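> fold the following.
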Amino acid sequence: MFDDVAVPELTEEELTALEAVGTRRSVAPGDYLFRAGDATYDFYVVVNGSVLILTQADGGEREIVRHGPRRFLGELNLLSGMRVLLSARVVEAGEVLVVPHERLLPFIATIPALSDKVLAAFIARRKILLEGAGHSVRVVGSRYSPASLKIREFLSRLRIPHQWLDADVDADVDTLLKSFGVGPADLPVVVTPTAVLRHPTPGELADYLGLTVDRLPERCFDLVVVGGGPGGLAAAVYGASEGLVTLALDARAPGGQAATSSRIENYLGFPMGISGGELAQRALVQAEKFGAVLSMPCEAVSLHEEAGHLVVRLSDGEDVVARAVIAASGAWYRKLDVPRLEEFEGNSVYYAATEMEARSCVPEPVIVAGGGNSAGQAAMFLADAGSPVTVVVRADDVGARMSRYLVDRITAHPRVTIRTGSQVTGLVGTCGLEAVRVTGSGGEDTIECSGLFSFIGAVPASEWISGCATLDAAGFVVTDRALNAEALDDRWAAQGRTPLPFETSHPGLFAVGDVRSGSTKRVAAAVGEGSASVSSVHQYLSFSPAGTS
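The predicted structure follows:
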């Protein structure tokens, strides 16, 4: 389980280098270096002696791994600033080197080999935890509860190790709930090492975990990126790596629509494909490595200018101030116009096809509505998992909007049936979905299913900047050369310039990815736009009296 990547030993040279920013401390058996639930912790290297990493289990602690001399402690939450997931207890007297967490990344960034070793270990350790080695968060709820699904989706997309307990089928749930004084009316419940959260929203859970803006000592940034999809994460990586004090926000969790994809095969450099969640996680770590701060779920609801700065107002009433803003807020999947949709959303109507949703449906039959790549990827993933899949496409040709490689695969798959020229017109069921009515040229059919996966097009998430930036007829943000003279007010004449690449009609506000009018709706295109827009941000900041940071 723990290989040399997950538990490497530091060389004498690396240990000596860390001594420059750390301090040695004697430790005795029974000492805790940190505990699950602590708000934060430092980076520890075992100089001599040994330390156990522990997870909470059955009212006690269970060993995950033992660290001896020249091994270091910690995992990905040391980068994100999230609450501690595990405990570290000394079992053999010795000495540790303590490096304050705020000094770790700036220092190791100057030593690439050390940086690579630490980050690779952190990533490997998180993967081991996700595979079941340990967790300090338990979610108790019902598979039919939309509130439970939102919590599970939030934790899964942030790749936070947790245990899911279904109150409808798990015999141990009643005992657990009674031990915490919790009743069925309190579900969903999130049990953590230091708190029991009743009916939490993703925002309340994020606040407990330390992922919201409230934890930040500063509220003024060189660059604020609104949106954590591929475009926003790319902008955060490039902004932070080029020295801008960068904050990235997302209304839900990292990855955007890409995170709903079980497999992306046409992204450069991944010939075997990569899941949207894994791609987002790697980008998140990359951004944090360079010092970007990421906060989510934090929904931007409005934007205005004040004293030469852009002010982003969040849904909780908080403000963050920026010298420049990149809108990468993407788009949401359109909702089907059918009766009873809200009744089934969150328990059998889904807008993502990942392992979490699949566990609720497979091997029962499912419906996939939509004719784009996301629909094709979902159909393949669910069919490979064991479900018979019916793909419902409004167009007469399934290849009208779907990449040829996906068309070839779904048409050849023995568990996939394609209904072109058709649409979903009704939902049937009691607690959960039992069947879907599909109407086409041949009339209406009722198809039994346990889940409906909807990927029927996108609506831009541009409401928060609608008063500041010019939008096209569909609500997408118009940028640079697509802006006509009527869209540019006196501020542009005063500055003696035209909009930079990706700049909107409001100076200092840029737009990339799916929210931008005319963009190519692909992961690679969004990443390219997010990366390239930072060059324009630098140019814009050079025009301002304060200059760049």
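> the nearest residue to Asp397 once chain neighbours are set aside and Pro254, how far apart?
Closest residue to Asp397 apart from its sequence neighbours, by Cβ to Cβ, 6 or more residues apart in numbering: Thr420 at 6.6 Å. Bear in mind the C-beta positions are built from the backbone N, C-alpha and C, glycine included. Thr420 sits 35 Å away from Pro254, going by Cβ to Cβ, to the nearest Å.
> more neighbours: the two, which one.
The neighbour count for Thr420 versus Pro254, taken as other Cβ atoms under 10 Å, is higher for Pro254 (28 against 17).
> quick one: secondary structure of the more buried one?
What DSSP: H, G, I helix; E, B strand; the rest coil gives for Pro254 is coil.
> my guess is it contacts Ala280, does it?
Yes - counting by Cβ atoms under 8 Å, Pro254 touches Ala280, with 4.6 Å between them.
> next, the buried residues of stretch 206-221.
By neighbour count on 16 or more other Cβ atoms under 10 Å, the buried set for stretch 206-221 is Ala206, Asp207, Tyr208, Leu209, Gly210, Leu211, Thr212, Val213, Arg215, Phe221.
> which other residues reach that stretch?
The contact list for stretch 206-221 (Cβ atoms under 8 Å, 6 or more residues apart in numbering) reads 39-40, 80-83, 154, 158, 160, 192, 195, 197, 200, 203, 244-247, 249, 293-298, 309, 314, 316, 318-323.
> what residue lies at the spatial centre of the protein?
For the chain, the residue nearest the mean C-alpha position is Pro254 (2.0 Å; Cα atoms, centre = their mean).
> could you chop the protein up by domain?
Following automatic domain parsing, one gets these domains for the chain: 12-133, 138-209, 213-332+459-543, 341-456.
> ok, the nearest residue to Val47 once chain neighbours are set aside - contacts?
Distances taken as Cβ to Cβ, 6+ apart put Glu95 closest to Val47, at 4.3 Å, once the chain neighbours are dropped. By Cβ under 8 Å, 6+ apart, the contact list for Glu95 reads Arg24, Arg25, Ser26, Val27, Val47, Asn48, Gly49.
> hmm, the fifth one is touching Thr23, no?
I take that to be Val47. No - assessed by Cβ under 8 Å, Val47 is found out of contact with Thr23, at 11.3 Å.
> which elements pack onto the longest strand along the chain?
Criterion DSSP state E: the longest strand present in the chain is strand 43-57. The elements that strand 43-57 packs onto, with contact taken as 3 or more Cβ pairs under 8 Å, 6 or more residues apart in numbering; DSSP states H and E, are helix 12-19, strand 23-27, strand 60-67, strand 87-99.
> which one of these is the most hemmed in?
Neighbour counts (mean count of other Cβ atoms under 10 Å) averaged over each of the helices and strands packed on strand 43-57 peak at strand 87-99, with a mean of 19.
> OK, contacts around the residue nearest to Asp397?
Contact partners of Thr420, counting by Cβ under 8 Å, 6+ apart, are Val393, Ala395, Asp396, Asp397, Val398, Gly440.
> same thing but 10 Å
For Thr420, the contact set (Cβ atoms under 10 Å, 6 or more residues apart in numbering) comprises 371, 391-400, 440-441.
> rewinding a little: for Arg522, see how far away the residue nearest to the centre of the chain is.
For Pro254 relative to Arg522 (Cβ to Cβ), the value is 18 Å.
> and what of Ala124?
Applying Cβ to Cβ to Ala124 and Arg522 gives a distance of 30 Å.
> show me what Tyr350 is bridged to.
Judged by DSSP bridges, the bridge partners of Tyr350 are Phe453.
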